[in-house]
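1. attaching a predicted model along with its sequence, questions to come.
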Amino acid sequence: MTKKTVFNFIKTPCGQAKYIELEANKTLLGKLRLFWFILIASIRDWNIKE
């Protein structure tokens, strides 16, 4: 499996698992929630080294 580009911003394993879970929801509300999650998770994981 190739590493997704978004995983450069979401670095924790639990965050990556949550991303995969939220990505499966294809409704409009699900897409908005995914965008919001990526924004917040990227800010929180900003200082974590890979």
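-> Right, received. Where do you want to start?
2. from now on I want contacts and neighbour counts done on CA atoms only, so please keep to that.
-> Will do.
3. which of the residues in the top helix by length along the chain are buried?
-> Identified as the longest helix of the chain according to DSSP state H is helix 28-44. Neighbour counts over helix 28-44 (16 or more other CA atoms under 10 Å) mark 34, 37-38, 41-42 as buried.
4. output the contacting helices and strands for it.
-> If contacts are counted by 3 or more CA pairs under 8 Å, 6 or more residues apart in numbering; DSSP states H and E, helix 28-44 sits against helix 13-23.
5. what angle do the helix it packs on and helix 28-44 make?
-> 160 degrees (axes from the mean of the first three to the mean of the last three CA atoms, to 10 degrees).
6. what's the mean pLDDT across helix 13-23?
-> Mean per-residue pLDDT for helix 13-23: 94.
7. hmm, back to that, and the furthest pair within the buried residues of helix 28-44?
-> With CA to CA as the measure, no two of the buried residues of helix 28-44 lie farther apart than L34 and S42, at 12.0 Å.
8. hmm, back to that, what about dumping the CA coordinates of the longest helix of the chain to CSV?
-> The C-alpha trace of helix 28-44 is given here as CSV (Å, rounded to 0.1, in the frame of the first residue of the first chain):
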residue,chain,number,x,y,z
LEU,A,28,-21.7,16.3,1.8
LEU,A,29,-21.7,16.4,5.6
GLY,A,30,-19.1,13.6,5.6
LYS,A,31,-16.8,15.5,3.3
LEU,A,32,-17.1,18.7,5.4
ARG,A,33,-16.2,16.7,8.5
LEU,A,34,-13.2,15.2,6.7
PHE,A,35,-12.0,18.6,5.7
TRP,A,36,-12.4,19.9,9.2
PHE,A,37,-10.6,16.9,10.6
ILE,A,38,-7.6,17.3,8.2
LEU,A,39,-7.3,21.0,9.1
ILE,A,40,-7.3,20.4,12.9
ALA,A,41,-5.2,17.2,12.8
SER,A,42,-2.6,19.0,10.6
ILE,A,43,-2.3,21.8,13.1
ARG,A,44,-2.0,19.4,16.1
